[in-house]
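Q: Coordinates for the following, if possible.
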Amino acid sequence: MTFKFLLYFVVTIVVIWTMDTVNVNQIFKKNVNPLQAKIFYFLVGLSMIYLVTNFFYDLITSVHIL
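A: Numbering: from 1, shown residues only. You can find the predicted model right below:
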């Protein structure tokens, strides 16, 4: 198992845990399609996972901690 895969796994758990604290009902406008809101929320989660993982991976590799 590579280090980046392990980092993706850990960050995925953290992002899911932190996104659970967001009150989604106040973010979206009224009378929005529920499927559309779920897809948007899912894509925001994927984006956060990708960005946070690559940030930490680049930070670690640039500092030569590995």
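
Q: Just the endpoints, please. Distance across stretch 20-37?
A: End-to-end distance for stretch 20-37, by CA to CA, to the nearest Å: 15 Å.

Q: in the chain, which helix or strand is least confident?
A: Between all helices and strands in the chain, the lowest mean by mean pLDDT, DSSP states H and E belongs to helix 24-27, at a mean of 76.

Q: Can you give the contact residues for it?
A: For helix 24-27, contacts defined as CB atoms under 8 Å, 6 or more residues apart in numbering pick out Ala37, Tyr41. C-beta: built from backbone N, CA, C; applies to glycine.

Q: Which is the succeeding secondary structure element to that helix?
A: As assigned by DSSP states H and E, the chain's next helix or strand after helix 24-27 is helix 34-63.

Q: average model confidence for that next one?
A: Averaging pLDDT along helix 34-63 yields 92.

Q: quick one: buried residues of that helix?
A: For helix 34-63, burial by neighbour count (16 or more other CB atoms under 10 Å) applies to Met48, Ile49, Val52, Thr53, Tyr57.

Q: Next, the residue lying farthest from the centre of the chain: phi, psi?
A: Largest separation from the mean C-alpha position in the chain: Asn31, at 26.1 Å (CA atoms, centre = their mean). Main-chain dihedrals, Asn31, degrees, to the nearest 10: phi 60, psi 40.

Q: Against Phe40, how distant is it?
A: Remark: distance between Asn31 and Phe40 (CB to CB, to the nearest Å) = 15 Å.

Q: and if you look at Val24?
A: According to CB to CB, Val24 and Phe40 sit 9 Å apart.

Q: How about Val15?
A: For Val15 relative to Phe40 (CB to CB), the value is 15 Å.

Q: do Ser62 as well
A: 32 Å.
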